[in-house]
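In: Predicted structure and sequence below. I'll ask about it afterward.
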Amino acid sequence: MFSFAQWLQATAFFTALRESWYVYPFILSLHLIAIALFGGLILVTDLRLLGIVLRDRPVGEVVKSLRPLKHAGLTLMVVCGLLMFGTKAEEYLLNTFFHAKMTLLLLVAIHAAAFRGSVYAKAAEFDATGIIPGRAKLAAALSLILWIGLVIAGRGIGYINPDLDRVHAELITPRVP
Amino acid sequence: MFLQFQGILESPFTFPALECFHIVGLALGIGTIAIVDFSMLGWGLPNQKVSTIASGLSLWSTLGIVMILLSGAGLFASDPDLYYLNPTFLIKMTLLFFALTFHFTVHQQRAFADNPAKWVAVVSLLLWASIVTGGIFTAFIGGPA
């Protein structure tokens, strides 16, 4: 894994990205713009399921019509994230907050798999009965917690600077216990 | 020129906590404004009037903007010299002034009056996107050498 990270960031493409002073902040800006523009879609979807916002609008319509935009935003976020990872793959792999963020992303995937069929695909049915079931509210609350956790973990990544020199030295001469 | 509140830097957690608050505020404030913009562009919530969406979300946009401004003021106060002497930051603040003015005048009037225009949505999205970019670049250019 670590040697893969070293290979990845040494490729001509990611070396060029790393050595340019403005490309990394530009990608980071796009990542944040995706959060600003599309994070709101996640918040509004979840808050609608919780019955807090747009209460006079049908749940099914809100969930369904915001979905394509959410997917576009998520794609932009992930692509920017992958590009940032590639420029400093070694550092990210050694960063505890990066581990936390990836764990949370895995949980987001599990959340989607667990609730897509029973909540998000069935949102229109909630309008017919007029009741938002507990599992939908649970899905929305968990989604809010996961995404706010992702923001915190993401910001935390910038506060850790792994000591790469020490790690490299240990790769050459393993530490004697 | 500005008073520095050293207290913000005393705990290692206050500054990053304010940053996280700032980012969640972005998602709430700018995110809900963007939903109105997307509907003006004909994306998003197609079967609904822009005024319905805007009136349902405007309080949340304002709440998000308040979160952004309060946390932003805290970040600024941690070390004012680092910010107000930085040209990138001053550009960001100028754009913020335009974005807030635009939002609370043209943008909201058009949305509430069901008089959407594509140019309004595009100007709004571009302004907010450039402010976010300005925030990131404040850390990269224009700071003390």
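Out: Arrived safely. Predicted model only: the values in this text are computed from it and were never measured.

In: How much space separates A:L105 from A:A153?
Out: 9 Å (C-beta to C-beta, to the nearest Å). The way it works is simple: take the backbone N, C-alpha and C, and place the C-beta from them, glycine included.

In: Comparing the two, which residue is more hemmed in?
Out: The neighbour comparison of A:L105 against A:A153 (other C-beta atoms under 10 Å in any protein chain shown) goes to A:A153, with 21 against 15.

In: Could you tell me which helix of the chain is the longest one?
Out: Since you didn't name a chain, this refers to chain A. Of all the segments of type helix in chain A, defined by DSSP state H, the longest one is helix A:59-87.

In: Correction: the question concerned chain B.
Out: helix B:50-78.

In: What helices and strands are in contact with that helix?
Out: Under the contact criterion of 3 or more C-beta pairs under 8 Å, 6 or more residues apart in numbering or on different chains; DSSP states H and E, helix B:50-78 touches helix A:23-49, helix B:7-10, helix B:14-40, helix B:108-112.

In: quick one: which of those is nearest A:I131?
Out: helix A:23-49 (12.0 Å; C-beta to C-beta).

In: Surely B:W128 is in contact with B:T32?
Out: No - shown here, B:W128 and B:T32 do not form a contact pair, counting by C-beta atoms under 8 Å, at 11.2 Å.

In: Can you pick out the residue with more neighbours from these two?
Out: B:T32 (28 against 25).

In: which residues sit in contact with that one?
Out: A:40, A:43-44, B:57-58, B:60-61, B:64 (C-beta atoms under 8 Å, 6 or more residues apart in numbering or on different chains).

In: distance of the one residue in chain A that gets nearest to chain B from B:D37?
Out: Residue nearest to chain B within chain A: A:G40 (1.3 Å; C-beta to the nearest C-beta). Distance check for A:G40 against B:D37: by C-beta to C-beta, it reads 10 Å.

In: The two: who's more crowded?
Out: A:G40 (29 against 26).

In: Looks like that one contacts B:V36 (just checking).
Out: No - with contact defined as C-beta under 8 Å, A:G40 does not reach B:V36; the gap is 10.0 Å.

In: Can you give me the neighbour number for A:R48?
Out: 24.

In: so A:Y120 touches A:V62, yeah?
Out: No - contact criterion C-beta under 8 Å: A:Y120 and A:V62 do not qualify, at 11.0 Å.

In: Comparing those two, which shows the higher neighbour count?
Out: A:V62 (26 against 19).

In: tell me the pLDDT at the one residue in chain B that gets nearest to chain A?
Out: Chain A sits closest to B:G31 of chain B, with a gap of 1.3 Å, by C-beta to the nearest C-beta. With respect to pLDDT, B:G31 scores 95.

In: excluding its backbone neighbours, what's nearest it?
Out: With C-beta to C-beta, 6 or more residues apart in numbering or on different chains as the criterion, B:G31 has its nearest non-adjacent residue at 1.3 Å, and that residue is A:G40.

In: Show the contacting residues for the one you found.
Out: B:27-35, B:64.

In: for A:F115, same thing?
Out: A:135, A:139.

In: Would you mind getting the angle between the strand or helix carrying A:S3 and helix A:59-87?
Out: Secondary structure from DSSP states H and E places A:S3 in helix A:2-10. On the basis of axes from the mean of the first three to the mean of the last three C-alpha atoms, to 10 degrees, helix A:2-10 is oriented at 90 degrees to helix A:59-87.

In: Show me what helix A:2-10 is packed against.
Out: Using 3+ C-beta pairs under 8 Å, 6+ apart, helix A:2-10 sits against helix A:12-19, helix A:59-87, helix A:89-93.

In: Poorly predicted segments of chain B, please.
Out: B:1, B:46-47, B:145 (pLDDT under 70).
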